[in-house]
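Visitor: Please find the sequence and the predicted model below.
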Amino acid sequence: MQVFKFILLFLILGGSSYIGVLISKVYINRTEELKQIKTALNMLETKIKFTYEPLPEIFEQISNTLSSNIAEIFKNANNQMKTVSVKEAWKSSVDISKLNINKEDKKVLKELGNLLRANRYRWTG
């Protein structure tokens, strides 16, 4: 009976540790993704200010530069801009992305789409 208690104790301890590692991995991934979002948005700001390139080209360059789920947001938005406005493309792309960020982070990212003027950056290619 004593052996059974020790086995059960180790199973509970091991399971709890495993669950803790999984939960911590979500938070680690979130911080990494937030850093990449910050980098991508800095790149976007710089390219808009200094290169005057159209948004589809900027989004394509950013998606090629980054190698993560963040790059997928820019790639999807670029593809969707061919048929819808920048604002709608950005919001839809953020919605369908598989990120480890929370609801508040996604809300802030979606609001960025409101800052991009749809008529000015419409896809022409």
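Guide: Perfect, thanks for sending it.
Visitor: Could you list the low-pLDDT ranges of this protein?
Guide: In the predicted model of the chain, residues 117-125 satisfy pLDDT under 70.
Visitor: who touches the residue most central in space within it in this structure?
Guide: For the chain, I70 is the residue whose C-alpha lies nearest the centre (CA atoms, centre = their mean; 4.0 Å). Taking CB atoms under 8 Å, 6 or more residues apart in numbering, we find I70 in contact with 33, 36-37, 40, 99. The way it works is simple: take the backbone N, C-alpha and C, and place the C-beta from them, glycine included.
Visitor: one more time with 7 Å
Guide: 33, 36-37, 40 (CB atoms under 7 Å, 6 or more residues apart in numbering).
Visitor: Among those, which lie within helices?
Guide: The members of these that map onto helices under DSSP state H are 33, 36-37, 40.
Visitor: all helices of this structure, in order?
Guide: So, for the chain - with DSSP H - the helices run 2-50, 55-65, 69-80, 86-96, 103-115.
Visitor: for the fourth one, which positions count as buried?
Guide: In this case it means helix 86-96. 86-87, 89-94 (16 or more other CB atoms under 10 Å).
Visitor: So which other helices or strands are in contact with that helix?
Guide: Counting contacts by 3 or more CB pairs under 7 Å, 6 or more residues apart in numbering; DSSP states H and E, helix 86-96 packs against helix 69-80, helix 103-115.
Visitor: Repeat that for the last one.
Guide: Contact here means 3+ CB pairs under 7 Å, 6+ apart; on that basis helix 103-115 packs against helix 86-96.
Visitor: export the helix it packs on as CSV, just CAs?
Guide: Extracted C-alpha coordinates of helix 86-96, given in CSV (Å, rounded to 0.1, in the frame of the first residue of the first chain):
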residue,chain,number,x,y,z
VAL,A,86,-6.4,47.5,-45.9
LYS,A,87,-8.4,47.9,-42.8
GLU,A,88,-10.5,44.8,-43.5
ALA,A,89,-7.6,42.8,-44.7
TRP,A,90,-5.5,43.6,-41.5
LYS,A,91,-8.4,42.8,-39.1
SER,A,92,-9.2,39.5,-40.9
SER,A,93,-5.6,38.5,-40.9
VAL,A,94,-5.2,39.2,-37.2
ASP,A,95,-8.4,37.2,-36.5
ILE,A,96,-7.3,34.1,-38.4
